[in-house]
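[1] Pasting the sequence and the predicted model now:
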Amino acid sequence: QVQLVESGGGSVQAGGSLRLSCAASARSLSTYDMGWFRQAPGKEREFVTAISWEGGRTTYADSVVGRFTIARDEVKKTVSLEMNNLKPEDTAVYYCAAGYTVSPTPRRSGYEHWGQGTQVTVSS
């Protein structure tokens, strides 16, 4: 069983930056594709970005291209999400996810393991 724990959320003004981290307990993430999703109040959980198990492929939602960067560190067993030039519409709970997917996939159904989420609030 893979347990994922997100950290690094907080409150920031528009234009600011935050770095989220997802740590795995008890097991390496090296064979999993990893994704970040977010859910704003009253909205569906949506795809943000994902990275393949070997780190060679990434995919991003159009809304975050050029602002967010996903990376993985196999030694530390973590996956990070660097978020720059944050906008109020980025406000949401951000979730880390792990799964065996294709490409990697932006589909929620492709991910088997989920963290509890971390809140990101961006004020204007």
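    It's in. Numbering: from 1, shown residues only.
[2] just the strands in this protein please.
    Assigned by DSSP state E, the strands in the chain fall at 3-7, 10-13, 18-25, 33-39, 46-51, 58-60, 68-73, 78-83, 92-99, 113-114, 118-123.
[3] Dump the ones you listed to CSV, plus mean neighbour count, distance to Arg107 and mean pLDDT.
    To be clear about C-beta, it is placed using only N, CA and C from the backbone, and glycine gets the same treatment. Formatted as CSV, the strands of the chain follow (neighbours: other CB atoms under 10 Å; distance: least, CB to CB, whole Å; pLDDT from 0 to 100):
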stretch, mean neighbour count, distance to Arg107, mean pLDDT
strand 3-7, 17, 18, 94
strand 10-13, 13, 28, 98
strand 18-25, 19, 18, 93
strand 33-39, 24, 9, 97
strand 46-51, 22, 8, 98
strand 58-60, 17, 11, 97
strand 68-73, 18, 16, 96
strand 78-83, 22, 18, 96
strand 92-99, 23, 9, 96
strand 113-114, 18, 13, 95
strand 118-123, 17, 22, 98
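[4] Just send those strands back as a markdown table, with distance to Thr105 too.
    Below are the strands of the chain laid out as a markdown table (distance: least, CB to CB, whole Å):
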| stretch | distance to Thr105 |
| --- | --- |
| strand 3-7 | 17 |
| strand 10-13 | 29 |
| strand 18-25 | 17 |
| strand 33-39 | 7 |
| strand 46-51 | 7 |
| strand 58-60 | 8 |
| strand 68-73 | 14 |
| strand 78-83 | 16 |
| strand 92-99 | 8 |
| strand 113-114 | 14 |
| strand 118-123 | 22 |
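[5] Of all those strands, which one comes closest to Pro106?
    Closest approach to Pro106 among the strands of the chain is made by strand 46-51 (3.9 Å; CB to CB).
[6] What strands flank the closest one, and is each parallel or antiparallel?
    The strands that strand 46-51 pairs with in its sheet are strand 33-39 (antiparallel), strand 58-60 (antiparallel) (by DSSP bridges).
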